[in-house]
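Participant: let's see this in three dimensions:
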Amino acid sequence: MSRQRITLVGIGNMGAALGHALLKAGTPITVWNRTTDRPQVTGLVDAGAGLEADVNAALAGNDGVVVICLLDYDTMYKALSASAPSLRGKTIVNLTTGTPQQGRDAEAWFKEKGASLYFDGGIMGTPSMVATPHMVIMYSGESEQTFTDKGVPELLGPFGRAVYEGADPGAASMVDLAALSAMYGLFSGAFVGMALLKRQRRAAGEEQVVPRATPGVNKAMIPLVGSLVPYLSQMAEILDEERWEDSLGNPLGMQLTALRTILRACDEEGVDGTALAGLAANMQKGVEERGGDGGIPIAGKYLLK
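Facilitator: Take a look at the predicted model:
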């Protein structure tokens with residue numbers, strides 16, 4: 001199975017990293033990209049990949065697995081819309097980032113084109129993490145038995161650790177987007193904090209230098225955020241079990257006061273705190289509903305429409 005040729009559709013930074021991982025593992029690959037002279041493509045060709053300028057020829061070059069890693073689903077459909085005969089009987093592994101519903105719709109689309117199996121994937125990392133112990137790729141679709149029997153974990157193992165999430169084709173995307181949501185939420189709050197640090201003032205007589213965010217981030221932000229990572233699991237359990245009275249020692253009312261203090265500082269120092277305002281509004285709903293002695297996870301309740 002490890003020598004089965006794979007067709008790789010889409011050679012951006014991530015696609016190139018995936019291709020190099022396969023080649024280093026001894027897996028022959030055929031690649032297709034709309035632009036064939038970009039460095040990522042020529043780098044793979046130099047490393048031993050076969051290149052097809054026509055997507056149908058690339059798909060017809062093997063009887064097994066096709067890995068797709070394109071910018072978005074619209075790009076994918078545009079690239080493959082005329083490829084129905086070449087998709088027949090193929091196992092599709094779609095690593096294009098999209099929503100859970102896009103994954104479900106894609107399964108129907110590929111099956112209508114004659115594809116035998118469809119797995120949707122969520123890449124939990126960056127191109128530099130491919131083929132390292134830090135890379136995890138979530139897969140969903142079909143069944144775990146089929147996923148295993150078809151050898152997908154072994155065949156695509158060079159990418160990183162393969163984790164099967166569920167039969168729903170949208171399951172992998174759901175987990176991927178949830179993790180990315182936490183990442184971007186961290187970034188948004190961190191940027192508010194960095195902006196506040198950039199507003200630091202110097203007392204009279206001190207050397208007047210341009211304020212820098214880096215010292216405060218290294219001294220205070222990183223240690224605090226790092227220590228709170230396990231807190232996410234505890235809050236998830238409270239959300240699942242609706243134990244709104246569990247404050248984990250940090251009552252909602254107290255935390256809302258702290259967040260309002262941050263927002264007030266933003267107003268006073270000329271920093272846009274909009275990224276935190278939505279959380280404050282949902283925390284306020286929790287206080288109004290159950291009082292201030294419960295826990296902050298109740299704020300997540302109001303995100304479920």
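Participant: leaving out chain neighbours, which residue sits closest to L70?
Facilitator: Once flanking residues are discounted, L70 sits nearest to G10: 3.9 Å by C-beta to C-beta, 6 or more residues apart in numbering. For the C-beta atoms, the positions are set from N, CA and C on the backbone; glycine is no exception.
Participant: could you verify my assumption that the one you found touches D72?
Facilitator: No - using C-beta atoms under 8 Å, G10 is not in contact with D72; the gap is 10.5 Å.
Participant: out of these two, which sits in the more crowded spot?
Facilitator: G10 (24 against 12; other C-beta atoms under 10 Å).
Participant: phi and psi next, for the more buried one.
Facilitator: Dihedral pair for G10: phi 110, psi 110, per degrees, to the nearest 10.
Participant: for G98, give its distance to T148.
Facilitator: To T148, G98 is 24 Å away according to C-beta to C-beta, to the nearest Å.
Participant: more neighbours: which of the two?
Facilitator: Shown here are G98 and T148; by other C-beta under 10 Å, G98 has more neighbours (23 against 13).
Participant: what about the helices in the stretch 101-250 of the chain?
Facilitator: Here the stretch 101-250 of the chain has its helices, by DSSP state H, counting those that start in this stretch, at 144-149, 152-155, 171-198, 214-216, 222-227, 229-241.
Participant: and stretch 74-85, average pLDDT?
Facilitator: The average pLDDT within stretch 74-85 is 93.
Participant: now name the helix or strand holding the nearest residue to G291 once chain neighbours are set aside.
Facilitator: Leaving aside its sequence neighbours, G291 sits nearest to G253 (C-beta to C-beta, 6+ apart; 7.4 Å). If you go by DSSP states H and E, G253 is part of helix 252-269.
Participant: what residues does the helix or strand just after that helix touch?
Facilitator: Sequence-wise, the next helix or strand downstream of helix 252-269 (DSSP H and E) is helix 274-290. Contacts to helix 274-290, defined as C-beta atoms under 8 Å, 6 or more residues apart in numbering, come from residues 188-189, 191-192, 244-245, 252-253, 255-256, 259-260, 262-263, 266, 294, 296, 298-303.
Participant: which strands or helices does the helix or strand just after helix 274-290 pack on?
Facilitator: Proceeding N to C from helix 274-290, the next assigned helix or strand is helix 298-301, under DSSP H and E. On a contact count with 3 or more C-beta pairs under 8 Å, 6 or more residues apart in numbering; DSSP states H and E, helix 298-301 meets helix 229-241, helix 274-290.
Participant: and helix 298-301, what's buried?
Facilitator: By neighbour count, and taking 16 or more other C-beta atoms under 10 Å as the criterion, the buried residues in helix 298-301 are 298-299.
Participant: distance of the residue nearest to L70 from Y302?
Facilitator: 38 Å.
Participant: related to what we said a few turns ago, for the helix holding G253, buried residues please.
Facilitator: Quick answer for helix 252-269 (16+ other C-beta under 10 Å): 252-253, 255-256, 259, 262-263, 266.
Participant: one more: stretch 98-118?
Facilitator: Using 16+ other C-beta under 10 Å as the test for burial, stretch 98-118 gives 98, 100, 102-107, 109-110, 113, 115, 117-118.
Participant: next one: stretch 21-34
Facilitator: By 16+ other C-beta under 10 Å, the buried positions in stretch 21-34 come out as 21-23, 27, 29-33.
Participant: which of the residues you listed fall within helices?
Facilitator: If you go by DSSP state H, the buried residues of stretch 21-34 have 21-23 in helices.
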